[in-house]
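Visitor: Predicted model and sequence below, questions to follow.
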Amino acid sequence: MDSRVEREVYVDARPEVVWAAVTHPENFARWYAFGGVEIDLRPGGRMVMRWDEHGEYRGFVEKVEPGRRFAYRYAVDPGVDAAPGNSNLVEFILTPEGEGTRLHVVESGFDRLDVSAAEQAKRAEESAQGWDGGLAALTELAPTL
């Protein structure tokens, strides 16, 4: 199984606007974590994502390169802190392209989760579906910000 989910989309908005969409809690909640988000935008800073139907997912910021790269690690199960064996890394890489931005998203670590191989594959598929929907919403939202 693939240990990562990768997606790439073109967003018809400047990199600074896409950056705001992926790092500002009020924007992030409009296209992905619909129940609300907390982001302490510094390495080691706390990150919490909420969905009414799924619960609260806790993590922390790993990397911040303003306007270019944002990465966080989160626990793949609700209500627990991110730790080895229960967490994945999500990276957003922004590249200017014409008048817009090429956004590359990578979620990795499925192969290091302390669950069966079948469960790892199931979680990767669920994440792929989540990113497909989320990135479609982001490409519609960002030009309006």
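Guide: Noted; the coordinates are in hand.
Visitor: Show me where the protein dips below the pLDDT cut-off.
Guide: Residue ranges of the chain with pLDDT under 70: 1.
Visitor: ok, which stretches of it are helices?
Guide: 15-23, 25-31, 117-141 (DSSP state H).
Visitor: The residue nearest the centre of the chain and Gly98, how far apart?
Guide: Residue closest to the mean C-alpha point of the chain, counted by Cα atoms, centre = their mean, is Val90 at 5.1 Å. Computed with Cβ to Cβ, to the nearest Å, the distance linking Val90 and Gly98 is 26 Å. Placement of C-beta: from N, CA and C, glycine included.
Visitor: picking up where we left off before, can you put the helices of the chain in CSV and add mean neighbour count and distance to Asp81?
Guide: Shown next, in CSV, are these (neighbours: other Cβ atoms under 10 Å; distance: least, Cβ to Cβ, whole Å):
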stretch, mean neighbour count, distance to Asp81
helix 15-23, 21, 21
helix 25-31, 17, 19
helix 117-141, 16, 18
